[in-house]
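# Whatever this is, show me its structure:
(one chain, ligands or ions: 1)
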Amino acid sequence: MRKGRFRKPLAKSAANYSESVSVDRRLFRHDIAGSIAHAAALAKAGIISAVEQKKIESGLREVDREIRAGEFCWDKALEDVHMNIENALIQRIGDAGAKLHTARSRNDQISLDLRLYVKAEIKRSSLQLRKLQRTFLKHAQKYIDAVMPGYTHLQRAQPVLLAHYLLGQIEVFARDAERLADCLKRTDVLPLGSGALAGSTIVVDREFIAGQLGFARVSQNSLDAVSDRDFVCEFVFSLAMIGMHLSRLSEDLIVWSTREFGFVEFSEEFSTGSSLMPQKKNPDMAELARGKTGRLYGNLMSILTMLKALPSSYNRDLQEDKEALFDSVDTISAALDLFSKMLPQLKFNRDRMKAAAMDSNLLATDLAEYLVRKGMPFREAHQTVGKIVAGALKTKTKLNAITLRDLKKISPQFDLDVAKVFDIRRSLAARDATGAPSPKNVTAQIKSWRARLGRGG
Ligand code: ARG
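Predicted structure coming up:
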């Protein structure tokens, strides 16, 4: 590449500083797929012959095989994945290979490779999310009867079903899948044919290339096409969100697995011991997932910052997107894989959860709503029950153990039927608005997710 314009070779330090093949070689299969489609377009445009096209295609397929077999010799002196592959092709087939880069720049080539890569990874993460959702669904079915306290501020609040929590996690990851599907729309655009920034005087059929490579659309502005890394940001953001969701899930499980809660137990296969304290069983996998959220946010911030204030079109800074992108992909794909193996082995403790849910204070709001039904304004009912709770705390009485006589002293509107308020099953059944945790709703949700998520592992 330097032979024409330059007299001196690139300094060793500059070559080491700027090489990217040690990172971007990961894109090889997309680079090769892109080149095969580009060669077909060059043939269609009459720039290369059908014989040359065949030679290029079979040469590239050989290079592909060699790379997959681990026999390919990557050369940092050739800078990046594009030049390594092109050079290997020329070594093999000579002149025909030297025609491949016609009407193409590494600027549109790298954007193409990245888009193909992100598209493939969106597909993979979406499948992993689905698998994870199925593990929640299985638990929801298994523990359909388990009641537990719901928390706000990590303080016991109101009763829910464990299945309601688990179905909530399915919702969380459904949003992530939806975000990925949305990101795919903007990723699914062919940039090839944009050249370095201004297309080329040699015109290739870009719609044809898009068809060959399975792109839904063709970019409409060559300057923007070599400049645009929005799809990388969006994807890395979506991965950061998945990481944040896994972290919050981890936090719930970590807290619930303490002796203090005792709601859930991690299987031994996914727990670690302490090098000092023989009795310890630690939830390190969940802690690591929580901890890795930091690098996911960092990767997003690093790409956004790299892009900020870049002049439009291609600048070499753009090369810096890959390490962050690849790291986020690896981090999330490992976490999703781990969770879909770890979660099915979780054992929830129905009795511990039930005992905690039987705390009659959880039904204080129900008691206020009882008074509302008798005609009392909610604000007044809230205050009245507040006083009852304070009194019960003082006398160390349970809310459901206060006599009707004592209740009547605070409000004459209390009657014999107040006893029913403290039936937790009744309370749950009454929570029947769309989205609320009544057993009827939860059962319907399980059914609906079963239809949506299908079977499979
Ligand atoms: N390695 C570059 C990147 O990742 C692609 C090559 C374009 N290089 C250039 N000097 N124009 O963005």
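
# what does stretch 304-312 contact?
Residues from elsewhere that reach stretch 304-312, judged by C-beta atoms under 8 Å, 6 or more residues apart in numbering: L223, D224, S227, R229, C233, D317, L318, E320, D321. Every residue, glycine included, has its C-beta placed from N, CA and C.

# which of these lies closest to the ligand?
L318 (4.5 Å; C-beta to the nearest ligand atom).

# Could you verify my assumption that that closest one touches V232?
No: counting by C-beta atoms under 8 Å, L318 sits too far from V232 to count as a contact (9.3 Å).

# With neighbour numbers in mind, choose between those two.
V232 (26 against 22; other C-beta atoms under 10 Å).

# Tell me how far the more buried one lies from S111.
10 Å (C-beta to C-beta, to the nearest Å).

# Same check on S333?
23 Å.

# Between the two, which is the more surrounded one?
Neighbour count, other C-beta under 10 Å: between S333 and S111, S111 has more, with 27 against 16.

# got the contact list for the residue lying closest to that one once chain neighbours are set aside?
Spatially, and ignoring its direct neighbours in sequence, S111 is nearest to P191 (4.1 Å; C-beta to C-beta, 6 or more residues apart in numbering). P191 makes contacts with D108, S111, L112, R115, S219, A225, V226, D228, as judged by C-beta under 8 Å, 6+ apart.

# what's the next secondary structure element after the strand or helix carrying the third one?
Under the criterion of DSSP states H and E, L112 resides in helix 106-142. Later in the chain than helix 106-142, the nearest helix or strand by DSSP H and E is strand 147-152.

# ok, residues contacting the helix or strand that comes right after that following strand?
Downstream of strand 147-152, the next assigned helix or strand under DSSP H and E is strand 155-161. The contact list for strand 155-161 (C-beta under 8 Å, 6+ apart) reads 144-151, 356-357, 359, 361-363, 365, 424, 427-428, 437, 439, 442.

# do the same with stretch 37-51
Counting by C-beta under 8 Å, 6+ apart, 52-53, 56-57, 60, 96, 99-100, 102-104, 192, 202-206, 208-209, 212-213 sit against stretch 37-51.

# List the buried residues of it.
Within stretch 37-51, the residues that count as buried by 16 or more other C-beta atoms under 10 Å are A37, H38, A39, A40, A41, L42, A43, I47, I48.

# Need the distance between the two termini of it.
For stretch 37-51, the first-to-last residue distance is 15 Å (C-alpha to C-alpha, to the nearest Å).

# remind me which residues of this protein are low pLDDT?
455-457 (pLDDT under 70).

# residue contacts, the spatially most central residue of it?
By C-alpha atoms, centre = their mean, the chain has its centre lying nearest to I242, at 3.2 Å. I242 sits next to S125, L129, F173, D176, I332, A335, L336 when contact means C-beta under 8 Å, 6+ apart.

# what's the neighbour count on D182?
13.

# roughly how far apart are it and R124?
Taking C-beta to C-beta as the measure, D182 falls 17 Å from R124.

# same check, this time on V226
V226 is 26 Å from R124, by C-beta to C-beta.

# More neighbours: which of the two?
With neighbours defined as other C-beta under 10 Å, V226 and R124 compare such that V226 has more, 26 against 15.

# what about that one, is that helix, strand or coil?
Following DSSP: H, G, I helix; E, B strand; the rest coil, V226 is assigned to helix.

# from what I can see it touches L112, true?
No: contact criterion C-beta under 8 Å: V226 and L112 do not qualify, at 10.4 Å.

# Tell me what K347 is bridged to.
For K347, the beta-bridge partners are E265 (DSSP bridges).

# what sits against it?
Contacts of K347 by C-beta under 8 Å, 6+ apart are V264, E265, S267.

# I90 too?
So I90 contacts G97, A98 (C-beta under 8 Å, 6+ apart).

# any idea how far the ligand is from it?
18 Å (C-beta to the nearest ligand atom, to the nearest Å).

# With neighbour count added, can I get the contacts of I242 in CSV?
Formatted as CSV, these follow (neighbours: other C-beta atoms under 10 Å):
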residue, neighbour count
S125, 21
L129, 24
F173, 22
D176, 24
I332, 27
A335, 24
L336, 23
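
# quick one, helices of the stretch 201-350 of the chain?
206-213, 222-227, 230-256, 284-291, 293-307, 321-342, 350-357 (DSSP state H, counting those that start in this stretch).

# Tell me the buried residues in the last one?
Residues of helix 350-357 classed as buried: R352, M353, K354, A356, A357 (neighbour count, 16+ other C-beta under 10 Å).

# Show me what it is packed up against.
strand 147-152 (3 or more C-beta pairs under 8 Å, 6 or more residues apart in numbering; DSSP states H and E).

# What is the neighbour count of K322?
For K322, using other C-beta under 10 Å, the count is 21.

# Could you do P149 as well?
Neighbours of P149 using other C-beta under 10 Å come to 21.

# Not counting its neighbours along the chain, what's nearest it?
R156 (4.4 Å).

# what subset of the contacts of stretch 304-312 is also close to the ligand?
L318 (C-beta under 6 Å from any ligand atom).

# Now restrict the contacts of stretch 304-312 to buried residues only.
S227, R229, C233, L318, E320, D321.

# looking at the contacts of K347, which has the most residues close by?
Most surrounded of the contacts of K347: other C-beta under 10 Å gives V264, at 20 neighbours.

# and A225, how many neighbours does it have?
A225 sits with 25 neighbouring residues when counted by other C-beta under 10 Å.

# I meant to write P439 there.
By other C-beta under 10 Å, the residues close to P439 number 18.

# what's the answer for T152, then?
Residues near T152, counting by other C-beta under 10 Å: 8.

# F215 too?
23.

# Kindly state the beta-bridge partners for the closest residue to it other than its chain neighbours.
Of all residues not flanking F215 in the chain, L190 sits nearest, at 4.0 Å (C-beta to C-beta, 6+ apart). Per DSSP bridges, the residues bridged to L190 are V218.

# Start the count at 616 instead of 1 going forward.
All right, first residue 616 from here; so that's L805.

# So L805 versus G649, what's the distance?
9 Å.

# and for the two, which residues touch both?
Joint contacts of L805 and G649 (C-beta under 8 Å, 6+ apart) are L727, L828.

# Next one: the residue nearest to P764 from the ligand, what distance?
Using C-beta to the nearest ligand atom, we find R771 at a distance of 53 Å from the ligand.
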